[in-house]
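Novice: Sequence below, structure please.
(2 chains)
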Amino acid sequence: MNRTCPPDEALSALADDALPAEARTEVLTHSARCPLCAARLAELRALHDAFLALPAVSLQVDLGARVIARLQAEAEPAAQAPRAPGWRARWLALVRSLSAQPLNLSPYAGATAALVMGLWLGGMLLEVEDPPSQPWPPSPNVTLAAMSLFDAVPPGNLCPRADACGPIGSAQ
Amino acid sequence: MSDARAALDADDVARARVGDMAAFADLVRRHQERVFRFILRMLDARDEATELTQDVFVKAWQALPDWRPEASFSTWLLQIARNAALDQLRRRQIVQFAPLEDGMDVADAAPGPEARYASRQQQERLDRALQRIAAEHREILLLREVEGLAYGELARVLGIAEGTVKSRLARARAALLEHFHPQAGATHE
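Specialist: Residues are numbered from 1 along each chain as shown, chains lettered A, B, ... in the order given. This next block holds a predicted model:
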């Protein structure tokens, strides 16, 4: 192509029949005497024909039914969402139902009573033996009352060593 | 597209917008082949194209409130299809020009002994050449040459000015002709 040749864009638009009448005449007149532009225009038109000759492709399925089924399937979980609350909502509902119906507390009351009883008994075991004669703060001689139940030396036995029978001196 | 068909589309869209799924199913059936054909040639993978065509219609259902009667429903669908196809290609990371494989010269004419054979070969060469040009060139060529969109519709679907449509089409054709030499007259035999 030379300087007087129309741009490729004009030839492409001519092949599309998308040039205004005046420009179309101008390009056609030029192409009639320019072998390069004539060849390019023929090539563009042949390309268009090649596209037209492409085999038809077909989906061969009823996409309408499939798409509707998919839309309905996606809509169902959204509709069911309020009926499936999260753990927080379930917990709050449980607390509300318990406070609204105190008579229904029996299984929980039993468990709570057992827990309180356990803590109370454990507390008794942990009572500190603190004779009133001892000064404050307590000396290392303080022992747990519970531990005196399980003294290492049975009553009446002698201690093998002076310090082996506890701080209070169970060997005494 | 005929005015009657456009009116039918507008009527079905109006019904679908208020939740009439049967009307939307009619729209799908009326446009599925066109959307599928475009996506298939963009992706060159049948199963993928079938899935993506479904996705396009699901997206269209969700975006129905955005549709305006000024735009052809068909063109609007192609716009969604185009975006979906480009997204898919991006996921595949093959949007950019893919060079020709060694030893594959699709520009070579390989005329067979019979015209039908030659024509079929030309179709295959064109299909292969289409996959070797940039996606932005392929989409505009398919929309223009296969779907027959006017320049104004191309501008709307691609989101570019009409002047840009003209220059991009010229560049796309030049790119395709680097890989495909049409044999004038072969398709008319």
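
Novice: For B:R5, see how far away B:I80 is.
Specialist: 19 Å (C-beta to C-beta, to the nearest Å). The C-beta positions use only the backbone N, C-alpha and C, and glycine is treated the same way.

Novice: And these two? Which one has more around it.
Specialist: B:I80 (18 against 13; other C-beta atoms under 10 Å in any protein chain shown).

Novice: Check what contacts the helix or strand hosting the more buried one and list those residues.
Specialist: Using DSSP states H and E, B:I80 maps to helix B:73-92. Residues outside helix B:73-92 that contact it (C-beta atoms under 8 Å, 6 or more residues apart in numbering or on different chains): B:1, B:6, B:9-10, B:13, B:27, B:31, B:34-35, B:38-39, B:42-43, B:48, B:52-53, B:55-56, B:59-60, B:63, B:67, B:95, B:135, B:139, B:143, B:147, B:149, B:153, B:156-158.

Novice: which parts of the next helix or strand after it are buried?
Specialist: Downstream of helix B:73-92, the first helix or strand assigned by DSSP H and E is helix B:115-130. Under the neighbour-count criterion of 16 or more other C-beta atoms under 10 Å in any protein chain shown, helix B:115-130 has B:118-119, B:121-123, B:125-126, B:128-130 buried.

Novice: Does the helix or strand just after helix B:115-130 reach chain A?
Specialist: Following helix B:115-130 in sequence order, the next helix or strand is helix B:135-141 (DSSP H and E). Yes: using C-beta under 8 Å from any C-beta of the partner chain, helix B:135-141 reaches chain A at B:L141.

Novice: Any chance you could list what contacts the next helix or strand after helix B:135-141?
Specialist: Remark: after helix B:135-141, the chain's next helix or strand is helix B:151-158, criterion DSSP H and E. The set of residues external to helix B:151-158 that reach it, using C-beta under 8 Å, 6+ apart, is A:16, A:18, B:71-72, B:75, B:78-79, B:82, B:139-140, B:143-144, B:149, B:160-162, B:164-166, B:168-169.

Novice: at 6 Å what do you get?
Specialist: A:18, B:75, B:78-79, B:82, B:143, B:162, B:165 (C-beta atoms under 6 Å, 6 or more residues apart in numbering or on different chains).

Novice: Now the residue most central in space within chain B, what are its backbone angles?
Specialist: For chain B, B:F38 is the residue whose C-alpha lies nearest the centre (C-alpha atoms, centre = their mean; 2.9 Å). Reported as degrees, to the nearest 10, the phi and psi values for B:F38 are phi -60, psi -50.
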